[in-house]
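Colleague: Give the three-dimensional model of this entry:
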Amino acid sequence: MKRFLLLYPLYVAGLLYFLFFDNNALAIQLNHFHQNLLIEALALHFEVDAYHIVITPFYHITIDKSCNGVVGLWVFFASIAAHQAQVRQKLLWIAIGYIVMIVANFLRIVFVVYAVKLDSGYFAFAHDTIGNSFLIVVGLVLFALFLKFSRV
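Modeller: Here you go, the predicted model:
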């Protein structure tokens, strides 16, 4: 447990620094990839103009790099990496978590879009409270399942 508590914040900080902040080419490429993946999926369901979901001709929701779900991915990946388990188990759960978190983030954005279509005043609550809480719960459930099914 001490090992986890020591490594987890270091892994989170490292992953965010090297893979999220725009301070290197890899981070920029990963963020663009995930942003484009999300936009392409959303374009199947909504009118999309560049990185904007069109709600009305005068109201758009912008999908930027903080909406692409990678922060949740890196936090989840850090928890898996910091825990003592077999490498194969870690790689399996990172793959499972990647797919689940990408789908969960897509569902989060869909929820936000429908909430905003009902009333634009719902954006902050739907995005900041419900949407982000949903991603946190998904990440925690995934980590709990990893703990239950992984072997040291």
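Colleague: residue boundaries of the helices in this structure?
Modeller: For the chain, the helices defined by DSSP state H cover 2-19, 25-43, 70-82, 87-118, 123-124, 132-149.
Colleague: So which of those helices is nearest Asp64?
Modeller: Closest to Asp64 of the helices of the chain is helix 25-43 (C-beta to C-beta; 7.3 Å). Just so you know, the C-beta spots here come from the backbone N, C-alpha and C atoms, and that holds for glycine as well.
Colleague: Which other helices and strands does that closest one contact?
Modeller: Counting contacts by 3 or more C-beta pairs under 8 Å, 6 or more residues apart in numbering; DSSP states H and E, helix 25-43 packs against helix 2-19, helix 70-82, helix 87-118.
Colleague: tell me, what residue is most central in this structure?
Modeller: With distances taken as C-alpha atoms, centre = their mean, Gly69 lies nearest the centre of the chain, 2.2 Å away.
Colleague: Next one: that one from Glu47, what distance?
Modeller: To Glu47, Gly69 is 21 Å away according to C-beta to C-beta, to the nearest Å.
Colleague: Next: His60.
Modeller: Distance of His60 to Glu47, given as C-beta to C-beta: 9 Å.
Colleague: Overlap of the contact sets of those two?
Modeller: 53-54 (C-beta atoms under 8 Å, 6 or more residues apart in numbering).
Colleague: Compare neighbour counts for the two and give me the winner.
Modeller: Set side by side, His60 and Glu47 show more neighbours around His60, with 17 against 12, by other C-beta atoms under 10 Å.
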